[in-house]
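Participant: here you go, sequence then predicted model.
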Amino acid sequence: MDQLLSGSDYNQLRAFVAVGELLSFSRAAEALGVSPSALSQMVRGFEDRVGVRLLNRTTRSVALTEAGETLFERVRPAVSELGEAIGQVRRTRERPAGTVRIHAFRSAAQAHVEPILPRFAAAYPDVVLDITVDDTVTDLVAAGYDAAIRIGEVIERDMVAVRLGPELRQIAVASPAYLTVHGRPAHPRDLVHHACVRWRWPGRSTPYAWEFFEDGAWFEVTVGGPLIVSDKEMAHRAALQGIGIGFVVEDTVREDIAAGRLVPLLERWSAPFPGLFLCYPRQRQMAPALRAFIDAVRRPDMLG
């Protein structure tokens with residue numbers, strides 16, 4: 001408390017209360033960790049500021065004046081309460097507690113948040129994780145979130161971003177039944193002649209244009225088809241059902257490809273892009289609860 005509130009006004013008031021409690025400059029100086037001369041100077045400065053003598057001093061004793069007694073009785077509880085309040089804040093800084101608001105893409109929540117929840121709750125019982133799971137690209141600060149987990153390409157430049165995994169790759173896939181009837185596209189631009197399962201970013205009005213890589217540059221293909229969804233898992237299932245060609249993160253369909261339920265297409269033009277990152281605003285002092293969550297996501301093995 002002494003270091004945190006070091007303004008002259010507070011120090012002088014605190015010095016006066018200490019002397020008023022102990023009625024001894026030497027004992028009050030020892031309690032506050034200052035020299036008797038420094039304490040005497042602070043009390044004298046306080047008396048000058050209020051414009052009235054507050055203490056009667058002799059070589060053998062110290063006593064409160066009538067004005068000093070009145071002031072002492074009024075300010076002593078306030079100084080005590082202030083000290084307790086600062087101490088409580090300090091204890092909070094040392095022990096993670098409070099609510100942490102997190103925004104996570106669905107795939108990010110499944111991969112990096114859900115697996116740590118039981119151990120995190122056991123390790124930090126005073127922390128509440130308030131987690132919003134959706135694929136909306138939202139302004140982290142404006143929406144009041146403490147941190148987010150999302151793909152690297154939609155993270156604001158002024159955020160601290162911590163990589164959580166390898167690069168990802170989106171690929172076109174189709175069921176064997178679909179390919180038997182409609183054939184395979186030979187180039188991404190051939191997709192305009194196929195039925196495609198389109199995906200729309202939540203909160204946006206138009207579907208996402210599929211992105212491919214050729215000759216050192218990315219290009220987009222605006223596809224069409226009988227289905228537009230805002231949920232990637234639904235798009236995945238629709239591709240499995242043969243409704244059309246899907247465009248999905250490769251990691252999410254590895255088992256289906258291995259089992260022959262889906263066939264990868266146009267892989268030559270499918271390049272990796274930045275994967276999932278944990279991001280949060282730059283800040284001089286981070287709340288212990290947020291630090292605990294960040295550390296748990298970065299190093300889940302440390303939770304035990």
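Facilitator: Looks like it came in fine.
Participant: distance of residue 145 from residue 114?
Facilitator: Residue 145 sits 18 Å away from residue 114, going by Cβ to Cβ, to the nearest Å. Every residue, glycine included, has its C-beta placed from N, CA and C.
Participant: neighbour-wise, which of the two wins?
Facilitator: A count of neighbours by other Cβ atoms under 10 Å puts residue 145 above the other of residue 145 and residue 114, at 21 against 13.
Participant: shouldn't the more buried one be in contact with residue 132?
Facilitator: Yes. Counting by Cβ atoms under 8 Å, residue 145 does reach residue 132; the two are 7.4 Å apart.
Participant: common neighbours of these two, please.
Facilitator: 101, 102, 103 (Cβ atoms under 8 Å, 6 or more residues apart in numbering).
Participant: which strand or helix spans the last one?
Facilitator: Using DSSP states H and E, residue 103 falls within strand 98-104.
Participant: and the next helix or strand after that strand, what does it pack against?
Facilitator: Next helix or strand after strand 98-104 toward the C-terminus (DSSP H and E): helix 106-108. Secondary-structure packing of helix 106-108 (3 or more Cβ pairs under 8 Å, 6 or more residues apart in numbering; DSSP states H and E): helix 232-240.
Participant: now do the helix it packs on, average pLDDT.
Facilitator: Helix 232-240 carries an average pLDDT of 94.
Participant: what residues of it count as buried?
Facilitator: Using 16 or more other Cβ atoms under 10 Å as the test for burial, helix 232-240 gives 232, 235, 236, 238, 239, 240.
Participant: what about the nearest residue to the third one once chain neighbours are set aside, neighbour count?
Facilitator: Think residue 236. Leaving out its chain neighbours, the residue that sits closest to residue 236 by Cβ to Cβ, 6 or more residues apart in numbering is residue 248, at 5.6 Å. Per other Cβ under 10 Å, the neighbour tally for residue 248 reads 22.
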